[in-house]
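>>> with the sequence up front, the predicted model follows.
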Amino acid sequence: MNILFIYPEFPDTFWSFKHALKLAHKKASSPPLGLLTIAAMLPPDWGKRLVDLNVTKLAAKDLQWADAVFVSAMLVQREATRQVIDRCRKAGVRIIAGGPLFTAEHEQFEEVDHFVLNEGELTLPLFLADLAQGKAGRVYATSEFADLQTSPVPLWELADMRRYAAMSLQYSRGCPFHCEFCNVTALFGHHPRTKSTAQILAELDSLYNQGWRGSVFFVDDNFIGNKKHLKQDLLPALAEWQKNRRRLSFYTEASINLADDEQLIDMMVDAGFDTVFIGIETPNEASLAESGKAHNQDRNLVEDVKRLQRAGLQVQGGFIVGFDSDTPDIFQRQIDFIQESSIVTAMVGLLQALPGTRLYERLKREGRLISDATGDNVSIATNIIPAMSHEALQEGYKNILRNIYSPKNYYRRVKGFLQEYRPPRVQSALSFHYKMALFHSLYRLGILGKERLYFWKTMLWTLFNRPHLFAQAVTLAIYGYHFRTICKRYILK
C-alpha cells in the first residue's frame, strides 16, 4: 500500500520565519514531526512519501501514486488544509486525517474518510487493525494518554533535510499547569509523560547519522515538566552525547520557574541548549491571576529573564493582550517590559479562545464567542468579545508592534541582550547556510534596508565589545527583518 503524507502550508506569520529563512536559503523551520512519527508506525513494507507544502508542491503524479493520503494540521493551517482535502477528493484518493486541527473540529471536514485523532500511539493501531479487515470506521478517538516509551523514531529519511532550518523531536507531552487560555492540558493532560533517555539518544543518532549538524528543537510545551528525570537522566546523557561529535544546538519551551533552578539551567546549557521560549504573557498581575498563570505571579519577571540570559539561554517570549483585566495602560506596560527585559524575539498576540480550553468554555457560557479561533498571531482580529472595545484593543496592539519592531527599539534590545548574554564555553560550529545568511544580511539589511544605520551601529558595537557574539547579533538582525516585514504586510499596513 502506498501512503502519501501531506503537510499543508503555514500562512505567513511571525512563527513561520519565512522572510528570515530566505536569507539562509531555507524553506521552512522544521519538518512535520507528527507525520514522520506516524510514518514510522505503519507497516514497513508500505510505500511512504512526504509532501510538505511548506517546502515543495503537490504534483498530480504524487496523488496518482498514492493509495491513501495522511493529512495532519494545526488550527492556523485550516484554510490550506481545506484546499489539500479538496484536491485529494477530486483525485479520488482515500483521506485519513489527524492532528490538533482535526481533534478540535473534525465535524467540519465531511470530505475526510477516516479520522485518527488524539494520540496516534493509541488510535492508529486500532485503525490499522480495522483497515486490514476491510472494516475501517470513520472516527478513532480516545480520552486516554499514550505511553511515550512506545513511540518510534520518526522516519527522518522521508524529509529533505536540506530544506529546513532545524530538526525537531519530542521528549515529553503534558504540562503540570492549567492556564485558562492554553489547550495543551486538554490535548495531553496535566501529568508530563516522557520518553526514555535511550529513545531520545536514538532519535539524535538517527538525525546525526543522516548528516544533520544544525539546530534541534525539543517541541515539548513545557520541557521542564519533569525536572527529576531531566536532572538525573536526560541532561547528563545529552551532555555526554555531545562529546566527540560536532556539537548540536538545542532549543525548547519552558515555564518561567526554570529561572528558580540554577542547577537545572546550568545542566541545560551544558547539554547544548542555548534558547528557550517562555510564555511571559503579561506584566499585569490581575491578568495573570485571571488566566490561571499562577507560576508567573509575584515574581520579578524582568530579573528572571536576565538570570536566564546571563546563564547562557536566550529567552524568546510570548505575550498576550486582551485579558478581561487589561486596562488601557497595558499596551505601554507591555512595551516597557519587553524593552527592559531585552527579549529580542517577542511574540505578541491578541487573546483568542481555543477549543478545549477553560477560556473557550467560559466565554461560550457568557455568550462572548464570535467565531472560530484562527491560531494565527498575525491578525488584529480575535474570536471573542473583549472587555475593552475592539477598536481600543486593536489600536493598542498595533502600537505595541509599531514600537517593539521599530529598528530603534529592536536593535536596542539586541544590544541589551548581548550585554547580558553569557554563552557556553563550547559553542556549535557555524554552518554553510549561516555564512550564506550572513552574506545576504549584510546586503539586504546593511545596504538596502531602511534600518541600515541601526544595523551597522549594532554590528560594529558587537565586533568591538562582544566579538564572540557576532553570530547571534546577525541572527537577531535577520529575525528583525522578518518581524518588520510581517508587521508591514499584515498588521500595520
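Yep, that arrived.
>>> got a list of what the spatially closest residue to Ile338 that is not a sequence neighbour touches?
Excluding the flanking residues, the one nearest Ile338 by CB to CB, 6 or more residues apart in numbering is Ala346, at 4.6 Å. Heads up, the C-betas are built off the backbone N, CA and C, glycines and all. Shown in contact with Ala346 (CB atoms under 8 Å, 6 or more residues apart in numbering): 316-317, 319, 338, 404, 413.
>>> Met74 too?
For Met74, counting by CB under 8 Å, 6+ apart, the contacting residues are 99-101, 375.
>>> quick revisit: can you pick the most crowded of the contacts of Ala346?
Ile338 (24 neighbours; other CB atoms under 10 Å).
>>> for that residue, give its distance to Asn222.
For Ile338, the distance to Asn222 (CB to CB, to the nearest Å) stands at 22 Å.
>>> sorry, back to before: with neighbour count, distance to Leu238 and pLDDT added, can I get the contacts of Met74 in JSON lines?
Below are the contacts of Met74 laid out as JSON lines (neighbours: other CB atoms under 10 Å; distance: CB to CB, whole Å; pLDDT from 0 to 100):
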{"residue": "Gly99", "neighbour count": "25", "distance to Leu238": "28", "pLDDT": "96"}
{"residue": "Pro100", "neighbour count": "21", "distance to Leu238": "28", "pLDDT": "95"}
{"residue": "Leu101", "neighbour count": "23", "distance to Leu238": "32", "pLDDT": "96"}
{"residue": "Gly375", "neighbour count": "22", "distance to Leu238": "31", "pLDDT": "82"}
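>>> was I right about Asp372 contacting Asn383?
Yes: using CB atoms under 8 Å, Asp372 is in contact with Asn383, at 6.2 Å.
>>> which one of those two has more residues nearby?
With neighbours defined as other CB under 10 Å, Asp372 and Asn383 compare such that Asn383 has more, 19 against 16.
>>> got the contact list for that one?
Contacts of Asn383 by CB under 8 Å, 6+ apart are 352-353, 369-374.
>>> so which of those residues belong to strands?
Per DSSP state E, strands hold no members of the contacts of Asn383.
>>> taking the residues you listed, tell me the two that lie furthest apart.
By the measure CB to CB, Leu369 and Thr374 form the most distant pair in these, at 13.1 Å.
>>> which stretches of the chain form strands?
2-7, 47-52, 68-72, 94-98, 114-116, 139-140, 166-169, 172-173, 193-194, 215-218, 250-254, 273-281, 314-321, 346-350.
>>> PyMOL command for the buried members of the contacts of Asn383?
Of the contacts of Asn383, the buried ones can be selected in PyMOL as follows, counting by 16 or more other CB atoms under 10 Å:
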select buried, resi 352+353+369+372+373+374
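>>> for the contacts of Asn383, give me JSON lines that also has pLDDT.
Formatted as JSON lines, the contacts of Asn383 follow (pLDDT from 0 to 100):
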{"residue": "Gln352", "pLDDT": "95"}
{"residue": "Ala353", "pLDDT": "95"}
{"residue": "Leu369", "pLDDT": "96"}
{"residue": "Ile370", "pLDDT": "94"}
{"residue": "Ser371", "pLDDT": "90"}
{"residue": "Asp372", "pLDDT": "88"}
{"residue": "Ala373", "pLDDT": "87"}
{"residue": "Thr374", "pLDDT": "86"}
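>>> good, we can wrap up now.
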